[in-house]
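turn this into a model:
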Amino acid sequence: MFSLQSYLTLAKQSLLALGMSFLPLSSAWAHVTVHPKEAPAGSFVKLTFRVPHGCDGSPTVRLRVQIPEGFVSVKPVVHPLWKVETVKKPLATPYEMHGKTITETVAEVIWSGGSLPDGLMDEFSIGVKLPNRPGEVIPIPAIQECEQGMYRWIQVAQPGQDPDSLPEPAPLLKLTGGDSGHGHGHGHGHGHGHGHGSR
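Now for the predicted structure:
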């Protein structure tokens, strides 16, 4: 049988291990992130942006995702509780797709009209064809607007700097080895979590 001291030691070790298991998650859950974090260069993929909290207790009412250069065939996923719109811009170099000449692309996707409480989290998705640039890590700026306050998730780390050390880091997507470009992603998901204070 365990002695009282053994129980206390075991409980202390368990709590310490539990606490340490949450440490790597804390920074990832502190800001808007993109999922997956890696995808094949040149592929079609669904990118999901996770909003884990509001602004110092204020609910999120608008999310703007700025589409990087080279991302094409951008198609937002419908969110039943939010209005979605796109802002387009002309392409410097038009291209052919399915027998059509494409002359413009989506520059920004905006979800608005909903209200995401600070104590909950949600996810917003787009379908997109990624540029064929294996090995590149691409920041995807996102602007989170609340009833009171705002986060500008647009900061990019310098070489050797930890992105999680930045106050408001941009979501990052790493392009892995090339793909045939025939994969597609659809749908969206929802989650629940807790928020933290604004800066």
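
can we go C-alpha only for contacts and neighbour counts from here?
Fine.

figure out how far stretch 79-92 is from the centre of its chain.
In terms of Cα atoms, centre = their mean, to the nearest Å, the centre of stretch 79-92 is set 16 Å apart from its chain centre.

pLDDT on it, on average?
Across stretch 79-92, pLDDT averages out at 94.

would you mind putting the CA coordinates of stretch 122-139 into CSV?
What follows is stretch 122-139, C-alpha atoms only, in CSV (Å, rounded to 0.1, in the frame of the first residue of the first chain):
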residue,chain,number,x,y,z
ASP,A,122,-14.7,29.5,-33.7
GLU,A,123,-13.2,28.7,-37.0
PHE,A,124,-13.4,30.4,-40.4
SER,A,125,-12.2,28.6,-43.6
ILE,A,126,-11.3,29.2,-47.2
GLY,A,127,-10.5,26.9,-50.1
VAL,A,128,-7.4,28.0,-52.1
LYS,A,129,-4.8,26.9,-54.6
LEU,A,130,-1.3,27.5,-53.1
PRO,A,131,1.7,28.8,-55.0
ASN,A,132,4.3,26.2,-56.1
ARG,A,133,7.1,27.4,-53.8
PRO,A,134,8.2,24.4,-51.7
GLY,A,135,10.0,25.3,-48.5
GLU,A,136,8.6,28.8,-48.2
VAL,A,137,6.9,29.9,-45.0
ILE,A,138,4.1,32.4,-45.8
PRO,A,139,2.5,34.8,-43.3
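
give me the mean pLDDT for that stretch.
pLDDT averaged over stretch 122-139 gives 97.

what of stretch 175-191?
According to the model, stretch 175-191 has a mean pLDDT of 52.

the chain: helices as residue ranges?
4-28 (DSSP state H).

wait, R64 touches W111, no?
Yes - shown here, R64 and W111 form a contact pair, counting by Cα atoms under 8 Å, at 6.5 Å.
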